[in-house]
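Engineer: Here is my input, please return the structure:
(chains A and B)
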Number of protein chains: 2
Amino acid sequence: MARIDTDRFLRDLHELRQIGRFRTGVHRPTYSPQDMQARRWLMERMAECGLEPSIDGIGNVLGRHPGPGPKLLVGSHIETQNEAGWLDGALGVVAGLALARAGLPVDVVACADEEGHYGGFLGSRSLLGELSEAEIDAARNRTTGQPLREALAEAGLAGLPRPALDPARYKGFFELHIEQGTQLEQAGLRAGVVTGIVAIWQWKIVIEGQQDHAGGTTMAERRDAGLTAIRLLAAIDAEFPRHVGERTTWTTGRITLDPGAPSIIPGRAEILFQFRDLSEEKLRELEAVLRRLIQESNRRERCPATLHALSLSKPALCDPTMMRCLEEAAEALAPGAWQRMPSGAGHDAQYMARIMPAAMLFTPSIGGISHHWSEDTKEEDLVLGVSILGEAAERYLRA
Amino acid sequence: MARIDTDRFLRDLHELRQIGRFRTGVHRPTYSPQDMQARRWLMERMAECGLEPSIDGIGNVLGRHPGPGPKLLVGSHIETQNEAGWLDGALGVVAGLALARAGLPVDVVACADEEGHYGGFLGSRSLLGELSEAEIDAARNRTTGQPLREALAEAGLAGLPRPALDPARYKGFFELHIEQGTQLEQAGLRAGVVTGIVAIWQWKIVIEGQQDHAGGTTMAERRDAGLTAIRLLAAIDAEFPRHVGERTTWTTGRITLDPGAPSIIPGRAEILFQFRDLSEEKLRELEAVLRRLIQESNRRERCPATLHALSLSKPALCDPTMMRCLEEAAEALAPGAWQRMPSGAGHDAQYMARIMPAAMLFTPSIGGISHHWSEDTKEEDLVLGVSILGEAAERYLRA
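Structural biologist: Okay, the predicted model is just below:
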């Protein structure tokens, strides 16, 4: 059995935490000086483990195992949300280092911009050959508006090649990640074997009314886009629970009333609405419910609503054999203290799953907190996570 | 009977329209160079009509009639909302000039900043002695953030006295204004005798939840402040119509979900909500309904809602004798083509009504449009309006 140096694993995690430190978390937005420092740090660690490190034209860092035979790909991402946690992404990458250091035939990868500062999964999509130069030309930082091309040039990445991964090289992809929820904590469990990564269907609902003075316009005369929005959202709240599965989620993240002034009847409302599920059939059913509720709104209300699909991702199911190896390893190292569970959040693994078998392991998040500097996990759970991952990798290589 | 020079009245209106012209409307925000030019233009017109013009330390322009005996005060305001209409405010001030020019014992007033660029009714409140130096110290432009003191200094108004009006000098205040709604137009009428100016009770409702990742947090675990907001607003929508009067209005002008991102469960929601009515009893009843709905929400929901009063103004009823004079004049000049109606919007008259009898006359707004450069009224209706005002003023002076 491969021997994971868990002390070194924790030391690596804490060393990486110092780069861009913010309170007890980190601030390493994609291509920032802190992020690039972290990528250089990672390439040095890879070389120490005997891997051949490289960085590509979108910032992906890949450490290739030099030996012969089939390999595993292990990793995640190392940039962070703004002022965010020290484990999100970093855990999976540093776990990859630990497996390589233990002598397992592992390539380690840090996919760039999983956090979406410039787009959606730029790094993993580039590794699949699915990121076009035109998309890079058009992308901008969602906060600062800086063009991606300019950020790449400043980071010293302009002009570097962006080779796609060769699926034939790999037997599978493993990603260790924090749960970013409280399922494990509330159940008193220490590890979660991920069954799949839910798809996110993201919508914009636009409602057109008539902007008017809130004093001069009687209720009967009004075409209040905000009121139509409230009624539609209340109908969704009443109807969705009848159609959803056990782990379906649906969220209204933003409601914008235009112009948004206290004494002006909103002439326009814009709603950001999404739902998530592991089953495409369920997603299609929810879309049908949403379209029906909007049709009913348009029959009843004076302000027409239109539905615009922003993004419709595909659910990614984890590989059954890899899952079984994770389950056996979890049961061996933490008997009865693990469960199967879907991932409600998106991860690089959902892209890797398109070209090779893929699986994920969750460690508990204290209080379910993530995307915040106070994000944390008990060190014993981190150690258990990397140990299960190592054990599962060995079992899967033998499988 | 006093002879109103309606051609000159229209010429004055069109001349004033040239100052700060924007498309077919005007842009004269309070204390802007265009606004100050309009105030100087007004003082020149006042002098031509035989009035003694003055400007005070908050920008109020007052033209005093030099003769003996009781006076009427006639006016409104001349600054505008940004890129707004040519008649809102200007109509009432220029109508005052027309009455003075016709020989009526009239003081003409343009109250500063009725449009609230720096506060609420700064000018009319100063004329009542209700505007403190401390409030002026603290006030800033709601758009640019410029301190009011700085704006007053740039406009050359710093250090000027701010005398209060002497109520004993006046028999009453008349204000001619555009309707800013479609009541008259839809009824095919040409004038509205205002029964009173509704009070606005403006509230902020704050709902506290728990910000979480929309993927990692199950529906059962969530404390979604946005969802509680939707349910509360739906309850208001269902319940308010059972309690309101014929001309009550209620409006949700803004819903802010924090942080407002597509994949984050809102941790906080803020709602701007207001209702308006002419009856204080009705306003108190609506407040009780609102408080009950919030209590019910707090019993039912996991996200507590709190109610914060932002401003609770008082309704201002128009003087019955002045209203009767307006009605008799309207019936004499436009038989059957007028109605009584409340004002849903606030006006300087609501402050003047605190120290003297006050009344208002509305002319129709084409399409109900106001606070927009396309605001307009037929010239024949403008002429009818100033003629009714002149006739009513004569009748009231005799009454």
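Engineer: and the worst-scoring helix or strand of chain A on mean pLDDT with chain B, contact?
Structural biologist: Least confident helix or strand of chain A, by mean pLDDT, DSSP states H and E, is strand A:212-213 with a mean of 85. Yes: shown here: strand A:212-213 in contact with chain B (Cβ under 8 Å from any Cβ of the partner chain) through A:212-213. C-beta here means a position set from N, CA and C on the backbone, and glycine is covered the same way.
Engineer: Then stretch A:249-265?
Structural biologist: Yes: judged by Cβ under 8 Å from any Cβ, stretch A:249-265 comes into contact with chain B through A:249-255, A:257, A:260-265.
Engineer: Throw those residues into CSV and include pLDDT, thanks.
Structural biologist: Conversion of those to CSV gives the following (pLDDT from 0 to 100):
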residue, pLDDT
A:T249, 96
A:W250, 98
A:T251, 98
A:T252, 98
A:G253, 97
A:R254, 97
A:I255, 98
A:L257, 97
A:G260, 93
A:A261, 89
A:P262, 89
A:S263, 89
A:I264, 90
A:I265, 95
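Engineer: Now render the residues you listed as JSON lines, adding distance to A:A309, neighbour count and secondary structure.
Structural biologist: Listed next are the residues of stretch A:249-265 next to chain B as JSON lines, based on distance: Cβ to Cβ, whole Å; neighbours: other Cβ atoms under 10 Å in any protein chain shown; DSSP: H, G, I helix; E, B strand; the rest coil:
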{"residue": "A:T249", "distance to A:A309": "18", "neighbour count": "23", "secondary structure": "strand"}
{"residue": "A:W250", "distance to A:A309": "15", "neighbour count": "22", "secondary structure": "strand"}
{"residue": "A:T251", "distance to A:A309": "16", "neighbour count": "28", "secondary structure": "strand"}
{"residue": "A:T252", "distance to A:A309": "16", "neighbour count": "24", "secondary structure": "strand"}
{"residue": "A:G253", "distance to A:A309": "15", "neighbour count": "20", "secondary structure": "strand"}
{"residue": "A:R254", "distance to A:A309": "16", "neighbour count": "21", "secondary structure": "strand"}
{"residue": "A:I255", "distance to A:A309": "19", "neighbour count": "29", "secondary structure": "strand"}
{"residue": "A:L257", "distance to A:A309": "22", "neighbour count": "28", "secondary structure": "strand"}
{"residue": "A:G260", "distance to A:A309": "25", "neighbour count": "14", "secondary structure": "coil"}
{"residue": "A:A261", "distance to A:A309": "30", "neighbour count": "16", "secondary structure": "coil"}
{"residue": "A:P262", "distance to A:A309": "33", "neighbour count": "18", "secondary structure": "coil"}
{"residue": "A:S263", "distance to A:A309": "35", "neighbour count": "20", "secondary structure": "coil"}
{"residue": "A:I264", "distance to A:A309": "30", "neighbour count": "20", "secondary structure": "strand"}
{"residue": "A:I265", "distance to A:A309": "29", "neighbour count": "28", "secondary structure": "strand"}
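Engineer: A:T249 and B:M219 touch, don't they?
Structural biologist: Yes: applying Cβ atoms under 8 Å, one finds A:T249 in contact with B:M219, separated by 5.9 Å.
Engineer: for the helix or strand harbouring A:L361, packing partners?
Structural biologist: In the assignment (DSSP states H and E), A:L361 maps to strand A:358-363. Applying 3 or more Cβ pairs under 8 Å, 6 or more residues apart in numbering or on different chains; DSSP states H and E, one finds that strand A:358-363 contacts strand A:170-178, strand A:191-197, helix A:320-333, strand A:338-343, helix A:349-352, helix A:379-398.
Engineer: what's the closest of those to chain B?
Structural biologist: strand A:338-343 (7.2 Å; Cβ to the nearest Cβ).
Engineer: Torsion angles phi and psi at the single nearest residue of the stretch 1-150 of chain A relative to chain B?
Structural biologist: Proximity of the stretch 1-150 of chain A to chain B (Cβ to the nearest Cβ) peaks at A:G116, 9.3 Å away. The phi/psi pair for A:G116 (degrees, to the nearest 10) reads phi 70, psi 30.
Engineer: Show the subsequent helix or strand relative to the least confident helix or strand of chain A.
Structural biologist: Scanning forward in sequence from strand A:212-213 by DSSP H and E, the next helix or strand is helix A:225-239.
Engineer: where's the residue nearest to A:L232 when sequence neighbours are not counted, which helix or strand?
Structural biologist: Using Cβ to Cβ, 6 or more residues apart in numbering or on different chains and skipping the chain neighbours, the partner closest in space to A:L232 is A:S297 (4.8 Å). Using DSSP H and E, A:S297 falls within helix A:280-300.
Engineer: Quick check: residues of the stretch 251-399 of chain A near chain B?
Structural biologist: So far as Cβ under 8 Å from any Cβ goes, the stretch 251-399 of chain A lies against chain B at A:251-255, A:257, A:260-266, A:272, A:274, A:276, A:310, A:343-346, A:365, A:368, A:370-371.
Engineer: ok, now how distant is A:G119 from A:P147?
Structural biologist: Taking Cβ to Cβ, to the nearest Å as the measure, A:G119 falls 12 Å from A:P147.
Engineer: same check, this time on A:P105
Structural biologist: Distance of A:P105 to A:P147, given as Cβ to Cβ: 40 Å.
Engineer: Next: A:L389.
Structural biologist: Taken as Cβ to Cβ, the span from A:L389 to A:P147 is 38 Å.
Engineer: And these two? Which one has more around it.
Structural biologist: A:L389 (31 against 16; other Cβ atoms under 10 Å in any protein chain shown).
Engineer: I figured the more buried one hits A:A95, correct?
Structural biologist: Yes: look at A:L389 against A:A95 with Cβ under 8 Å: they come within range, at 5.6 Å.
Engineer: Show me the common contact partners of A:G119 and A:P147, please.
Structural biologist: Common contacts of A:G119 and A:P147, defined by Cβ atoms under 8 Å, 6 or more residues apart in numbering or on different chains, comprise A:A139.
Engineer: so what does the least confident helix or strand of chain A touch, helix or strand wise?
Structural biologist: Going by 3+ Cβ pairs under 8 Å, 6+ apart, strand A:212-213 lies up against strand A:264-265.
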